[in-house]
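>>> What follows is a predicted structure for the sequence shown.
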Amino acid sequence: MENRNDLADKFRLFINNLKIDNPEVISRRCREICQILNLRYWDIRSDTRNLHYLGSYGRETAVKGLTNINVLFLLPYTVYQEYEERPGNIQELLLKDIRDLLSKTHPDAFINEEKFLLIPFEDRMTIEIIPGFIGPRKNHIIYPDAQEGRWQTFNPIREIEVINEYNYKYGGKVRHLARMTRAWKMVHQVPIPGMLIDTLVMIFMDEWEGNQSSFNYYGQMVMDFMEYLAGLRNEQLHWYAKGSNRKLERQEDFGAHANVAYKKIKQTMDLEEQGESYNANKIWKEVFGRHFHTAVLRRDVLLQRDVLLQRDVLSVTQHVTERTSRCNRTSRRNTAVT
């Protein structure tokens, strides 16, 4: 029978494998952008103030391989008032002015067909800059919808605060489950947006009876979550994001994908209980992809290293014991001769 600690070790390594592996690069690039914008719009020299990470990176639910970084830069409200006095699509005009400013150091900066301001990099990373203003309604941020030619409001900072609260409440499992679900989504091309994943994870965690459990129950957790996703009615076309209450649309049916994953994980859990770790690992890899497979390989390497280390320690201990014994015998003989 598989030891629960062995399965827990697999998931610890899997979670570690999913971590973003280039946070320093992301930080450096965003600080460069922030410094330029702060100097122009706030007349201050700072590479951190007024900049907020959004999206899965901001909510800390992103996984290794993330290429799209979304950042919000807060501008003075007086800038909003200035653009309100101008004619035409003032939202697009604002984006163009920021693009022209940034293009001095980032010549590839551009506005795409969907009217997003983007800066691409050679390693396939793209940073989207969303300018925003804190208006009279303090809890909402005004941002330009250049495609529609109007201002919109959202509250992404509160969304981040809420997921922080949930993650703390449930001992880190909210972000862990969200990242594992993203790994599954990437492997199987599941049509479910990242924000909807995070929202459904929080809803599920409120209901799951094991929400205070340890790593020993992560296999059970992912199985129960896939069963939960599979059971969501297709008639439900939207949910509301926690913290902002913004509407999240169901794009396509993801329940069928989740049902397949649930059945595979259930089979895997049975194999784990029977001690058939090798066969279980193959199915874990089918569900979660190479990151789980690599985690298992690393685990096996670590276990082998521990075995060899214990063997070396035992060998040294035996050697010391034998040498001490010989020395004692020699000492007794010398004493007898004397």
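Ah, there it is. Numbers count the residues shown, from 1 in each chain.

>>> can you pull out the strands in the stretch 151-300 of the chain?
Under the criterion DSSP state E, counting those that start in this stretch, the stretch 151-300 of the chain contains strands at 238-240, 247-249.

>>> Quick one: closest of those to residue 59.
For the strands of the stretch 151-300 of the chain, the distance to residue 59 is smallest for strand 247-249, at 13.5 Å, taking C-beta to C-beta. Quick note: C-beta positions are derived from backbone N, CA and C, even for glycine.

>>> Average pLDDT for the closest one, rounded please.
pLDDT averaged over strand 247-249 equals 95, rounded to a whole number.

>>> List the strands paired with it, with their directions.
Strand 247-249 sits in its sheet next to strand 238-240 (antiparallel), going by DSSP bridges.

>>> quick one: buried residues of the partner strand?
In terms of neighbour count (16 or more other C-beta atoms under 10 Å), strand 238-240 has its buried residues at residue 239.

>>> which residues are in contact with stretch 120-137?
Residues from elsewhere that reach stretch 120-137, judged by C-beta atoms under 8 Å, 6 or more residues apart in numbering: 25-26, 29-30, 33, 54, 67-77, 79-80, 94-95, 98, 102, 108, 110, 116-119, 141-144, 153.

>>> what does stretch 260-277 give?
Judged by C-beta under 8 Å, 6+ apart, the contacts made with stretch 260-277 from elsewhere in the structure are 1-2, 6-7, 184, 188, 219-220, 222-223, 226-227, 229-230, 279-280, 283-284, 286-287.

>>> returning to what we had before: with distance to residue 161 as extra columns, can I get the strands of the stretch 151-300 of the chain in JSON lines?
Formatted as JSON lines, the strands of the stretch 151-300 of the chain follow (distance: least, C-beta to C-beta, whole Å):
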{"stretch": "strand 238-240", "distance to residue 161": "16"}
{"stretch": "strand 247-249", "distance to residue 161": "18"}
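
>>> Okay, now the unreliable bits of the chain?
1-4, 294-338 (pLDDT under 70).

>>> Residue 74 is in contact with residue 41, correct?
No: Residue 41 is not in contact with residue 74 according to C-beta atoms under 8 Å; the separation is 9.1 Å.

>>> Quick check: buried residues in the helix or strand where residue 11 lies?
In this assignment (DSSP states H and E), residue 11 forms part of helix 4-17. Of the residues in helix 4-17, those with enough neighbours to count as buried (16+ other C-beta under 10 Å) are 4, 7, 8, 9, 10, 11, 13, 14, 15, 17.

>>> contacting residues around the residue nearest to residue 91 when sequence neighbours are not counted?
Leaving aside its sequence neighbours, residue 91 sits nearest to residue 144 (C-beta to C-beta, 6 or more residues apart in numbering; 3.4 Å). Under the criterion of C-beta under 8 Å, 6+ apart, the neighbours of residue 144 are 90, 91, 92, 94, 95, 131, 151, 152.

>>> And those residues, which of them are buried?
Among these, those classed as buried by neighbour count (16+ other C-beta under 10 Å) are 90, 91, 92, 94, 95, 131, 151.

>>> Quick check: the fourth one is in a helix.
Same thing as residue 94. Yes: under DSSP: H, G, I helix; E, B strand; the rest coil, residue 94 sits within a helix.

>>> helix/strand/coil for residue 132?
Counting by three-state DSSP, the backbone at residue 132 sits in strand.

>>> partners of it in the sheet?
Each beta-bridge partner of residue 132 is listed here, defined by DSSP bridges: residue 74.

>>> just the helices in the stretch 51-200 of the chain please.
With helices called from DSSP state H, counting those that start in this stretch, the stretch 51-200 of the chain shows them at 55-59, 77-84, 90-102, 156-169, 173-188, 194-207.

>>> Return the angle between stretch directions for the fourth one and helix 194-207.
Our comparison of helix 156-169 with helix 194-207, counting by axes from the mean of the first three to the mean of the last three C-alpha atoms, to 10 degrees, yields an angle of 40 degrees.

>>> Of all the residues in helix 156-169, which ones are buried?
Neighbour-count burial for helix 156-169 [16+ other C-beta under 10 Å]: 156, 157, 158, 159, 160, 162, 163, 166, 167.
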